[in-house]
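K.L.:
coordinates for the following, if possible.
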Amino acid sequence: MTGRVICIDMETRTLLWVVDGKPQYGMDVRFGDENNPTRKGKFDITLKMEHCISTIYHTSMPDAMFFSGGEAVHFSIDFATYGYAHHSHGCVNVRDRAAVAKLFADTKLGDGVVVY
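P.N.:
The predicted model follows:
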């Protein structure tokens, strides 16, 4: 396959950055709960914000890569601190700050996102 895509596996709770069919690197992620589910499907990155604050929840969303309306892949201090004890409000949270910063730098608008 050709192209650039963030592959997000909800069962294994992992994100994998893939370029032209070759896995580049991965990271642990978490998702929303039944009240705020993370949408599954094929999307594109439509907006990137390095220093983002949620307008709904008023929380920091560093290195946000938006792919489905208000849903984004981004760093979460809550995930870094508490792990899987909590959940997101639908976003894909990353707990490794350096890893998500690298992903933010490597992605471009229009790159694919697949959540399954």
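K.L.:
alpha carbons only for contacts and neighbour counts from here, please
P.N.:
Will do.
K.L.:
and the spatially most central residue of the chain, what element?
P.N.:
When CA atoms, centre = their mean is applied to the chain, the residue found nearest the centroid is residue 73 (2.0 Å). Assigned by DSSP states H and E, residue 73 belongs to strand 71-75.
K.L.:
partner strands of that strand, parallel or antiparallel?
P.N.:
strand 64-68 (antiparallel), strand 92-94 (parallel) (DSSP bridges).
K.L.:
tell me the helix or strand right after the shortest one.
P.N.:
The C-terminal neighbour of strand 92-94 among helices and strands, as given by DSSP H and E, is helix 97-106.
K.L.:
got the CA coordinates for that following helix in CSV?
P.N.:
What follows is helix 97-106, C-alpha atoms only, in CSV (Å, rounded to 0.1, in the frame of the first residue of the first chain):
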residue,chain,number,x,y,z
ARG,A,97,5.0,13.2,25.3
ALA,A,98,8.0,12.7,23.1
ALA,A,99,6.3,10.1,20.9
VAL,A,100,3.3,12.2,20.2
ALA,A,101,5.5,15.2,19.5
LYS,A,102,7.4,13.1,16.9
LEU,A,103,4.1,12.0,15.3
PHE,A,104,2.9,15.6,15.2
ALA,A,105,6.1,16.6,13.4
ASP,A,106,5.9,13.7,11.0
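K.L.:
how about residues contacting that helix?
P.N.:
17, 27, 48, 50, 63, 64, 65, 74, 75, 94 (CA atoms under 8 Å, 6 or more residues apart in numbering).
K.L.:
those helices in the chain, which residues are they?
P.N.:
77-82, 97-106 (DSSP state H).
K.L.:
and the strands in this structure, which stretches?
P.N.:
Remark: strands assigned in the chain by DSSP state E are 4-9, 14-19, 22-30, 41-44, 47-49, 64-68, 71-75, 92-94, 112-115.
K.L.:
residue 57 is nearest to which of those strands?
P.N.:
For the strands of the chain, distance to residue 57 was read as CA to CA. The smallest value, 12.4 Å, belongs to strand 71-75.
K.L.:
alright, I will stop here.
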